[in-house]
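>>> this one's structure only:
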């Protein structure tokens, strides 16, 4: 995914089970659950909970190269499903990893002498169409999905082969969520009519202010009643204007599990702290500023199920906002992922998504 147009938001949706017997995922795959697929130049990471020190479960993997960047780029989100750790900010971690195309190629050649026609995919090739997480810019339906990306990944299969050689820490009893693909759609394709209506209402309000008259709210429902009226009822019911705006924003696609808008504005589910600028600390690697990149949505909660039939595990959150280094700093040759910032908000009305 390359850098987006200003305020262009991509929506992540559940797109079917990732059956390892049929598809082999790699770092090019956008997915929920399973085990993380690291770039071939990155050492296997084993993050632990900042509260109980237990191994963290892998929640989401996003392949998100930036436009005009020579780097492959991934974000991996992890969380602790322990009963005492649910909703704790220190129980979430997000790791950013990057790798040059040339580095990935060298790692592949060193570990497995592949035929010439199986050379790794170019980072710049992916960046050309990464705005859509692999969807086609023209003539597509915005939902090509991750299955085709997985098919391409299975051909190069760089990550899996190298990780088998990079054993690192022994496999512990790490909770594993059932994996499934993430497909992506542009929010404007889902909410075009709502945006047009809101624009018309803004023009109406401007006219009222200019002319000093009150025309009245626009009727947008078959049974009468205005958008403003519905909003006020929602606000009165929940007692939280921020939550009401959150619900209104996602109403066109309540099943969304992820929102991506690098450098855009997050969608808070409750009032953020007044010192949010201080909460979003500087990059721990270069000391530079951080910017919003993506957030997990409440609909994801009910989809996170244990891969085995062991003890029941469930994460609870309203939204998890991820802030990353504005410059996406990276040291060439590094084999360690860079930790970024997670900000967790609880859901004031979680039952709406179950």
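Yes, it's here. This structure is a prediction, so every number in the text was calculated from the model and none was measured.
>>> what's the straight distance from one end of stretch 79-92 to the other?
According to C-alpha to C-alpha, to the nearest Å, stretch 79-92 extends 4 Å from its N-terminal end residue to its C-terminal end residue.
>>> can you list contacts of it?
Stretch 79-92 has contacts (C-beta atoms under 8 Å, 6 or more residues apart in numbering) with 49-52, 54, 56-57, 59, 77-78, 93, 175, 313-317, 320, 342-344, 346. In short, each C-beta sits where N, CA and C put it, glycine included.
>>> could you flag which of those are buried?
Neighbour counting over the contacts of stretch 79-92 (16 or more other C-beta atoms under 10 Å) leaves 49, 54, 56-57, 59, 77-78, 93, 175, 313, 315, 317, 320, 342-344 as the buried ones.
>>> quick one: which of those residues sit in helices?
Where those are compared with helices, as defined by DSSP state H, there is no overlap at all.
>>> where is pLDDT lowest across the residues you listed?
Minimum pLDDT for those is recorded at residue 313 (57).
>>> buried ones in stretch 267-284?
Residues 267-269, 280, 283 are the ones in stretch 267-284 that count as buried (16+ other C-beta under 10 Å).
>>> follow-up on the earlier one: between the buried ones among the contacts of stretch 79-92, which is nearest residue 181?
When these are compared for distance to residue 181, the smallest value, 14.6 Å, is given by residue 59; criterion: C-beta to C-beta.
>>> what about the strands in the stretch 1-150 of the chain?
All strands of the stretch 1-150 of the chain, identified by DSSP state E, counting those that start in this stretch, fall at 10-17, 31-32, 57-63, 71-79, 92-100.
>>> can these go into JSON lines with extra columns for distance to residue 183?
Putting these into JSON lines (distance: least, C-beta to C-beta, whole Å) gives the following:
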{"stretch": "strand 10-17", "distance to residue 183": "4"}
{"stretch": "strand 31-32", "distance to residue 183": "11"}
{"stretch": "strand 57-63", "distance to residue 183": "13"}
{"stretch": "strand 71-79", "distance to residue 183": "17"}
{"stretch": "strand 92-100", "distance to residue 183": "21"}
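>>> residue 253: which of these is closest?
Comparison of the strands of the stretch 1-150 of the chain against residue 253 by C-beta to C-beta identifies strand 10-17 as nearest, at 5.8 Å.
>>> that closest one versus strand 57-63: what angle between them?
120 degrees (axes from the mean of the first three to the mean of the last three C-alpha atoms, to 10 degrees).
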